[in-house]
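Peer 1: requesting a structural model of the entry that follows:
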Amino acid sequence: MLLLQGLAACSGENDSANQSLATSPTPAGAASAGAEQADTRLVVAFGDSLYAGYGVLPQESFPAQLEQALTARGIAARVHNAGVSGDTSAAGLRRLGFTLDGLDRKPDLVMVNLGGNDMLRGIDPAETRANLTAICEELKKRGIPIMLTGMIAAPNMGRDYADAFNAIYGDLAKRYDAVLYPFFLDGVVTDPALMLPDRIHPNPKGLEKIVERVVPLVAGPLTPDS
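Peer 2: Residues are numbered from 1 along each chain as shown. Modelled structure (predicted):
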């Protein structure tokens, strides 16, 4: 948690860096959709730089490592990287429909990780909540299961801000019956050996640790009898 105190101070610098790396979503798996077996599950990792793979190689990104971990568990899955560096919840909401409509089929699960850039910019948590609610509403309307990987506010944002921001993910998970991993960087952000020098983004080892913790939650909705 102490390392989170540097987040707000670095927000301007890293927002610029994130925006310069923003790219169109690309699939994490190498196999084409046409070559997939009918029982291959489609997971969409929809979020910001933490999903996009800021500062790491494509094969080291969270979606790529998650796909490998699911395969190791015997789950045939393609994890589509729909992360865009620098995205706020508002930017994510604007591109959600385009992203879903551009897929070859309806996903079996959409993972959402947005709100971190909102916090870094001091955006009102009420706005973040409204945007994430709209994202969940759209996924619910399309009949797509949801998983939220949450964020928490840096301590220097103040108690009132943190109370309003931190409650968003748990509230939405209950409202939309979504799988919840409360804090994406849990167990990683406090260990410099698992973070990039900016102390905001995980390095490949940090992402590996996150995947180890997240994959059991992802595997549940992808198991036919679950």
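
Peer 1: which other residues reach the longest helix along the chain?
Peer 2: Longest helix of the chain, by residue count under DSSP state H: helix 204-222. With contact meaning CB atoms under 8 Å, 6 or more residues apart in numbering, helix 204-222 is reached by 41, 43, 56-57, 60-62, 65-66, 69-70, 73, 75, 77, 108-109, 111, 145, 147, 149, 179, 181, 184-188, 191, 193-195, 202, 226. Any C-beta I mention is one placed from the backbone N, CA and C, and that applies to glycine too.

Peer 1: one more time with 7 Å, if that's ok
Peer 2: With contact meaning CB atoms under 7 Å, 6 or more residues apart in numbering, helix 204-222 is reached by 41, 43, 56, 60-62, 65-66, 69-70, 73, 75, 77, 108-109, 145, 147, 149, 179, 181, 184, 187-188, 194-195, 202, 226.

Peer 1: got it, and stretch 115-126?
Peer 2: Outside stretch 115-126, the residues that touch it by CB under 7 Å, 6+ apart are 7-8, 11, 15, 48, 50, 86-89, 128, 132, 151, 153-154, 157, 161, 164-165, 168.

Peer 1: kindly supply the PyMOL command isolating those of those that are buried.
Peer 2: The buried residues among those can be selected in PyMOL (16 or more other CB atoms under 10 Å) with this line:
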select buried, resi 7+8+11+15+48+50+86+87+88+89+128+132+151+153+154+157+161+164+165+168
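
Peer 1: still on that earlier bit, go through the contacts of helix 204-222 and flag which are in strands.
Peer 2: Residues of these located in strands (DSSP state E): 41, 43, 77, 109, 147, 149, 179, 181.

Peer 1: for the last one, grab the count of nearby residues.
Peer 2: The number of residues packed near residue 181 is 20, by other CB atoms under 10 Å.

Peer 1: before we move on, the earlier item: just the buried ones from the contacts of helix 204-222?
Peer 2: Neighbour counting with 16+ other CB under 10 Å marks 41, 43, 56, 60-62, 65-66, 69-70, 75, 77, 108-109, 145, 147, 149, 179, 181, 184, 188, 194-195, 202 as buried within the contacts of helix 204-222.

Peer 1: quick one: the helices in this structure, in order.
Peer 2: Going by DSSP H, the chain shows helices at 7-20, 49-52, 62-72, 89-101, 116-120, 125-141, 159-175, 204-222.
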